[in-house]
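S.K.: Show me the folded form of this:
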Amino acid sequence: MRSHKILITSILIIFSWISSVSAFAAAGSDPVGMLKSAANNMISGLKTNKATLKTNPKVVYGLAYKYVVPYADLQTMSKDVLSPQKWNAATPAQRAQFQHEFTTTVIRTYASALTSYEDQTVQFYPVRGGIAGKNTIEVNSQIVSSSHDPINVSYRLVHVSGGWKLYDMSVEGVDMLESFRAQFADILASGSMSDLLKSMSQHNAG
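M.R.: Next comes the predicted model:
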């Protein structure tokens, strides 16, 4: 499906745009400005390393862990990607393992997007209604490239202590958390939390 390919191609690039510590520090007052600054920094880095992106995927994984994990609310994402019943029934050890495996799954699944970098640029739009007094916001944007039509992207940020963090995103109408939620629900429909963790661990080790 085109929408699934777009999601895989785009999501980690956008995650990785949240890559400037100084920009993230300013996110409490201007999250869109932070994203613009981080996008410029990341695109510059991709251009510099373009020749080695496909031949050295470990570099891509390193970039993803360095730039994604600190600036995404993966703890909340891990909890919300499962149904409340399954999350509440899991032991503390299972929850901790799931968060670890889920983080690894996100990184490994979408890190390949960085190897497909061409000449993308990004245009962000103001947050509708502003950000004052809000705990969650949605930022709309478009990825523009000379090789394909613009890709519409919207992503949600949550305000936590210290600023805004990425929580979820949608690429051409395909929602990231919903996609993972459906995959995990299929496994849990006929198996247990232990079965899901085993499946995720085997996939991540591959």
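S.K.: tally of neighbours for the nearest residue to A72 once chain neighbours are set aside?
M.R.: Residue nearest to A72 in three dimensions, not counting chain neighbours: L166, with 4.5 Å by C-beta to C-beta, 6 or more residues apart in numbering. Yep, even glycine has a C-beta here, placed from its N, CA and C like the rest. Counted with other C-beta atoms under 10 Å, the neighbours of L166 add up to 23.
S.K.: and if you look at K47?
M.R.: Other residues within reach of K47 by the criterion other C-beta under 10 Å amount to 11.
S.K.: With S83 instead?
M.R.: Applying other C-beta under 10 Å, we find 13 other residues in the vicinity of S83.
S.K.: Could you check how far it is from L188?
M.R.: S83 sits 8 Å away from L188, going by C-beta to C-beta, to the nearest Å.
S.K.: Over to G173?
M.R.: Relative to L188, G173 is positioned 25 Å away (criterion: C-beta to C-beta).
S.K.: Point out where the protein drops to low pLDDT.
M.R.: In the predicted model, the chain carries pLDDT under 70 at residues 1-29, 34-35, 37-46, 57, 59-60, 63-64, 66-68, 109-118.
S.K.: The residue nearest to A72 belongs to a strand?
M.R.: Yes. With DSSP: H, G, I helix; E, B strand; the rest coil as the criterion, L166 is located in a strand.
S.K.: Which strand residues bridge it?
M.R.: For L166, the beta-bridge assignment (DSSP bridges) gives partners A72, L157.
S.K.: That one contacts D73, doesn't it?
M.R.: Yes. Between L166 and D73 there is a contact under C-beta atoms under 8 Å: 6.8 Å.
S.K.: before we move on, back to that, which of G173 and L188 has more residues huddled nearby?
M.R.: When G173 is set against L188 and neighbours are counted by other C-beta under 10 Å, the residue ahead is L188, at 16 against 10.
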